[in-house]
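# Output the structure for:
(one chain, ligands or ions: 1)
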Amino acid sequence: MTANAFINVLIKQSLRTFRMVNCNPELFTTNLQNLKHLMDNLTSEHVNLDHKFQIEETWNRPGKAPMTYIQIYNDRTINVGIFILKPGMKLPLHDHPYMYGLLKVICGKAKIENYSIEPKLTERITQTASSSSSGSDDYDLNRKELVAKRNPDIVADHTSECCVLRPLERNLHEIESIDGACAFLDVLSPPYDVYVPEYGPRKCSYYSLFQELEPDIFHLLEIGSPHWFWSDEAPYKGPKLHIENIESDTEIAEQSSK
Ligand SMILES: [Fe+2]
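Residues are numbered from 1 along each chain as shown. Alright, predicted model coming up:
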């Protein structure tokens, strides 16, 4: 498959997978496996990632943001983009509310600290906090709290398979570039801020570890965006996307599966 075709096939398969996320569990599992296989084989050449991001001077320019984001494709079903972290930088611990995600390192090396949400413990701690502080002015009901289990860290480079996160499993992560800059491509579904009927709009929140409740079980509190972290954007310079084909091919696939 040519580099030109690969990114289009990847986006088509992402749409095929996530447009039918709630239809047929077996079909979703098969589609997700096929998408993961494509992601496992994704390289920086498939998206024509600029080599300048691997050069130290790029990141040492005065005022340069510590992370650059490249938007590739976005609609109501999926968001596909590339995140590039300067050497030694962390994308702070954040969540992906009710989302699926596939993350593939395409350049450099990343350490991924990741957590799975514990729904019952989260419910218990949220109820305890709101009842014990009723009438208190310092408790913010809008601030999110979670209880989550820390999974073993993942160290990934371009030879590693992609990481998959689900609505509960591995849903929170912190990503650190090690031994230089690193870049990874994310497919997320549904995108942040898209309205989901049962849950409403969903924003990305950052968290800090508040307390270790048991070994590897942490109480997490939402925090504001850390002052040392911000991002800028660069244009996508990879192969042209054939959006019309993506839309029509996916619709044909959906109809034929009904
Ligand atoms: Fe993320």
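
# rest of the way, CA atoms for contacts and neighbours
Will do.

# Would you mind measuring from V9 to Y195?
The spacing between V9 and Y195, counted by CA to CA, to the nearest Å, is 26 Å.

# Same question for Y115.
Relative to Y195, and taking CA to CA, Y115 is found at 24 Å.

# where does the chain have low pLDDT?
The chain contains residues with pLDDT under 70 at 3, 129-142, 245-258.

# the helices in it, which residues?
3-18, 25-40, 56-60, 119-132, 243-257 (DSSP state H).

# Please identify the most buried of those.
helix 3-18 (a mean of 21; mean count of other CA atoms under 10 Å).

# which other helices and strands contact it?
helix 25-40, helix 243-257 (3 or more CA pairs under 8 Å, 6 or more residues apart in numbering; DSSP states H and E).

# picking that back up, between Y115 and Y195, which one's more packed in?
Neighbour totals were compared for Y115 and Y195, and Y115 leads with 27 against 13 (other CA atoms under 10 Å).

# you'd agree that one is up against E169?
Yes - assessed by CA atoms under 8 Å, Y115 is found in contact with E169 at 7.4 Å.

# got the contact list for L209?
Counting by CA atoms under 8 Å, 6 or more residues apart in numbering, L209 touches 218-221.

# Next one: it relative to E145, how far apart?
Per CA to CA, L209 is found 10 Å from E145.

# How about Q54?
From Q54 over to E145 (counting by CA to CA), the distance is 37 Å.

# cool, and L103?
Relative to E145, L103 is positioned 25 Å away (CA to CA).

# before we move on, what about F218?
For F218, the distance to E145 - CA to CA - is 10 Å.

# With F210 instead?
10 Å.

# anything in contact with each of the two?
219-221.

# residue ranges for the strands of the stretch 101-250 of the chain, please.
For the stretch 101-250 of the chain, strands defined by DSSP state E, counting those that start in this stretch occupy the ranges 145-150, 154-157, 163-165, 172-189, 206-214, 217-223, 231-233.

# Flag every buried residue along the fourth one.
Going by neighbour count (16 or more other CA atoms under 10 Å), the buried part of strand 172-189 is 172-178, 180-189.
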